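Peer 1: With the sequence up front, the predicted model follows.
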Amino acid sequence: MAARRTCTIEEMISCRDVTRRFGNFTAVDKLNLEVAPGAICAFLGPNGAGKSTTVKMLTGLLQPTSGTVTVCGLDVSSHALELKRQIGVLPEDLGLFDDLTVEEHLLLTGSVYGVGKQETRARTKQLLHALSLEHGRHTFAAACSHGMRKKTAFAMALLPNPRVLFLDEPFEAIDPVTSKIMRDLLEEAARHGITVFLTSHILSMVEQIATQLVMIRKGHIIWNSPVGELPQTLEQHYFDLVEAPVVEELEWLGPQRS
Amino acid sequence: MARSAAILRALGTAFRRDWKTVGSIGVNAFFPVTVLLLGRAGGFLYLILGLVMLFPASTDPMRKIPASRLGLWPLDRRDRVVLRLVSPWLNPVTWALAGMAIWAVKGRVTVGLWAAAAGLFAAAFLISDWTSAGKTSFWPRVPGFPGPVGQLIRKNLREILSTLDFYVAALLTLTGLAYRVTRLSLPPDAFRDLGLLVLLALCTYTQSLFGLDGVGGLARYRLLPLRGWQILMAKDLAFLAVAGVLLLPLEPISGLAGAMVALAIGHSASVAAHREQTRWRFSGGASLSYSFFQVAAMAGAWGAVGLTSRWFLIPCSFTWVVSTIWYGREWDQRRDLVL
């Protein structure tokens, strides 16, 4: 069974002046952020705002151009391997191998993270059942629907019992029942002290689950507070702060075809 | 007709932009060797012709159109037939192969030969359509392996089994096996040479070990708490298992030496840059010069073990282990490379 470190850390996730540039483009600019143990932090923003870049930096997939990132008290740049043992990640592209089945992905996770064989089998069985993946356990990832792929990646993130969960858009392209199951699992994880950091565009879901809200626009954090401190509904606040929807009228759309 | 012309124009533009497809054929070590063999193949002419004809299948321009998109376009049957017949000729490899086939059989062109070429050509495109239709692995029953990277070895085996390199190598092994079983007379060195050809068919894969992992797979490698050498070792063991099985009836010891040297050299290219590969095509290497260097070193190791002493297997193994550790460290350090 994977050993769990039990040291006390005030902030499970900490970013200090983190910047990431791609050539002349600055994706994330001097980002400062703290997330406490057991919190569910929702990281919101429009497409291209810098959410996924931030998640990649927090999980060691991308090096910051400047600044320091600490997760579980470990510097992400200098303790990459140690950090990987402590976190579970549902990456943007799901991180699945086309040539492994759903079940094989979970068995791989167990063996690589040092979870015992019996324990891996037991957790795999439970996760497949909880996420309604039992019928597709022998399906290759390449042949799975997007929803199944996402559920597999989510199960992989949970299986090693991580201290921090990073989830990039976990609720998108998921049926309502699974979405509810995932929400319940995350809330239970948080109750057990696991820190959850997630990005999402589904504001109604975020409003129900998150304890901390962070909004980012063009690489800058524009809001960071506990969810109880929102001055209005999340949706309204998001439209006011991040971007308001603009409806373009398409006159040519209609019964008179051309 | 206007619809298929528009699609062909777009396809031509897309194909010209992506010269990697043709480039990957150019740097598959087996390709130049097969072309050279075409001129002097003798009794093997039809086999060689068949192998060469597999190349257009691996660069079929129609594969640039997602199957779902093709199904949604309002095309009638005639449009689809025109697309199927004309699209191969957007590929310069098709023209090159047609030219080479004429050169190879100069003075010996018969109706039968042309019929065989046409049949093989059609079969190659049928295979291309058939294999691109299904995404599911053809090898669900590959056994699991023990240890932390056991599932990765299983995955890597399935990847190798979804390249055309493997099937060409298997065809050559089966040819050798048939001779062994039937005890037909062959020159004494024939099995050794055939074994080298098998390794030649397989070796380009080692230059793009991560080519079939996709963006998701590469991200997962970066997330798993594994060191670079462990990831490379899982790749290598799968390759050595395949090479070992295919070389067993031919020249296993020299084959092992050659395979280890091919891997030792291939690590550098695999780790330095990500070259995305496509299933059911031939593997593409780093460059033609790199492929020639790899083939020369591999053939050297092969010759040293096969012709002089089996003790040469020790330096070959040592080179492979050092390369795995060295390039494993490089993989660990190049964190941003693939994203």
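Peer 2: Perfect, I can see it now. Numbering: from 1, shown residues only, chains lettered A, B, ... in the order given.
Peer 1: Give me the domain ranges for the chain.
Peer 2: As the question left the chain open, I've gone with chain A. Chain A is divided into the following domains under automatic domain parsing: A:7-86+A:162-242, A:97-160.
Peer 1: right idea, wrong chain: chain B
Peer 2: B:1-134, B:150-339.
Peer 1: out of the domains of chain A, nearest to residue B:275?
Peer 2: Residue B:275 lies closest to domain A:97-160 among the domains of chain A, at 16.7 Å (Cβ to Cβ). Backbone N, C-alpha and C define where each C-beta goes, glycine included.
Peer 1: what's the most buried one of the domains of chain A?
Peer 2: Highest mean neighbour count among those (mean count of other Cβ atoms under 10 Å in any protein chain shown): domain A:97-160, with a mean of 20.
Peer 1: follow-up on the earlier one: identify whichever of the domains of chain A lies nearest to residue B:283.
Peer 2: Relative to residue B:283, the nearest member of the domains of chain A by Cβ to Cβ is domain A:97-160, separated by 15.3 Å.
Peer 1: quick one: the closest one near chain B?
Peer 2: Yes: using Cβ under 8 Å from any Cβ of the partner chain, domain A:97-160 reaches chain B at A:97-101, A:104-105, A:107-108, A:111-114, A:138, A:140, A:142-143.
Peer 1: Quick check: mean pLDDT of that domain?
Peer 2: Confidence for domain A:97-160, expressed as mean pLDDT, is 94.
Peer 1: State the distance from the spatially closest residue to residue A:70 that is not a sequence neighbour to chain B.
Peer 2: Spatial nearest neighbour of residue A:70, excluding adjacent residues (Cβ to Cβ, 6 or more residues apart in numbering or on different chains): residue A:14 at 4.4 Å. Here residue A:14 is placed at a distance of 20 Å from chain B (Cβ to the nearest Cβ, to the nearest Å).
Peer 1: mind checking the SS state of residue A:14?
Peer 2: strand (DSSP: H, G, I helix; E, B strand; the rest coil).
Peer 1: quick one: contacts for it?
Peer 2: Residues in contact with residue A:14 (Cβ atoms under 8 Å, 6 or more residues apart in numbering or on different chains) are A:33-35, A:68-71.
Peer 1: roughly how far apart are it and residue A:227?
Peer 2: Relative to residue A:227, residue A:14 is positioned 20 Å away (criterion: Cβ to Cβ, to the nearest Å).
Peer 1: for residue A:237, same thing?
Peer 2: Distance of residue A:237 to residue A:227, computed by Cβ to Cβ: 11 Å.
Peer 1: Can you tell me the centre-most residue of chain A?
Peer 2: Central residue of chain A (Cα atoms, centre = their mean): residue A:167, 1.1 Å from the mean position.
Peer 1: Which helix or strand lies directly C-terminal to the strand or helix carrying that residue?
Peer 2: Assigned by DSSP states H and E, residue A:167 belongs to strand A:164-168. Sequence order places helix A:176-191 as the next helix or strand after strand A:164-168, per DSSP H and E.
Peer 1: can you tell me which helix or strand residue 122 belongs to?
Peer 2: In the absence of a named chain, chain A is used. Taking DSSP H and E as the criterion, residue A:122 maps to helix A:117-130.
Peer 1: my question was about chain B
Peer 2: Going by DSSP H and E, residue B:122 is part of helix B:111-133.
Peer 1: tell me what the helix or strand just after that helix is packed against?
Peer 2: Per DSSP H and E, the first helix or strand lying C-terminal to helix B:111-133 is helix B:150-160. Under the contact criterion of 3 or more Cβ pairs under 8 Å, 6 or more residues apart in numbering or on different chains; DSSP states H and E, helix B:150-160 touches helix A:102-112, helix B:228-247.
Peer 1: Going by neighbour count, list what's buried in helix B:150-160.
Peer 2: Neighbour counts over helix B:150-160 (16 or more other Cβ atoms under 10 Å in any protein chain shown) mark B:150-160 as buried.
Peer 1: How about residues contacting the following helix or strand past that helix?
Peer 2: Reading on from helix B:150-160 to the C-terminus, the next helix or strand found by DSSP H and E is helix B:164-182. For helix B:164-182, contacts defined as Cβ under 8 Å, 6+ apart pick out B:28, B:30, B:47, B:51, B:54, B:57-58, B:160, B:186, B:190-191, B:194-195, B:197-199, B:201-202, B:204-205, B:242, B:246-247, B:249-250, B:280-283.
Peer 1: ditto for stretch A:137-150
Peer 2: The contact list for stretch A:137-150 (Cβ under 8 Å, 6+ apart) reads A:90, A:94, A:96-103, A:105, A:128, A:133, A:136, A:152, A:170, A:172-175, A:178, B:135-137, B:140.
Peer 1: Show the end-to-end separation of it, please.
Peer 2: Using Cα to Cα, to the nearest Å, one end of stretch A:137-150 lies 13 Å from the other.
Peer 1: Low-confidence bits of the stretch 1-150 of chain B, can you list those?
Peer 2: Across the stretch 1-150 of chain B, the ranges flagged by pLDDT under 70 are B:18-27, B:35, B:38-59, B:97, B:101, B:104-110, B:112-113, B:116-117, B:120-121, B:123-138.
Peer 1: Which residue ranges of it form helices?
Peer 2: B:2-17, B:20-26, B:30-39, B:45-58, B:67-72, B:77-86, B:92-104, B:111-133, B:150-160 (DSSP state H, counting those that start in this stretch).
Peer 1: How about the residues of the stretch 151-300 of chain B by chain A?
Peer 2: B:151-152, B:154-156, B:158-159, B:162, B:212-217, B:219-220, B:222-227.
Peer 1: repeat that with 6 Å
Peer 2: B:151, B:155, B:158-159, B:215-217, B:219-220, B:222-225 (Cβ under 6 Å from any Cβ of the partner chain).
Peer 1: could I get the contacts of residue A:14 as a markdown table with pLDDT and secondary structure?
Peer 2: Supplementary listing: these in a markdown table, determined by pLDDT from 0 to 100; DSSP: H, G, I helix; E, B strand; the rest coil:
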| residue | pLDDT | secondary structure |
| --- | --- | --- |
| A:33 | 94 | strand |
| A:34 | 95 | strand |
| A:35 | 96 | strand |
| A:68 | 95 | strand |
| A:69 | 95 | strand |
| A:70 | 95 | strand |
| A:71 | 96 | strand |
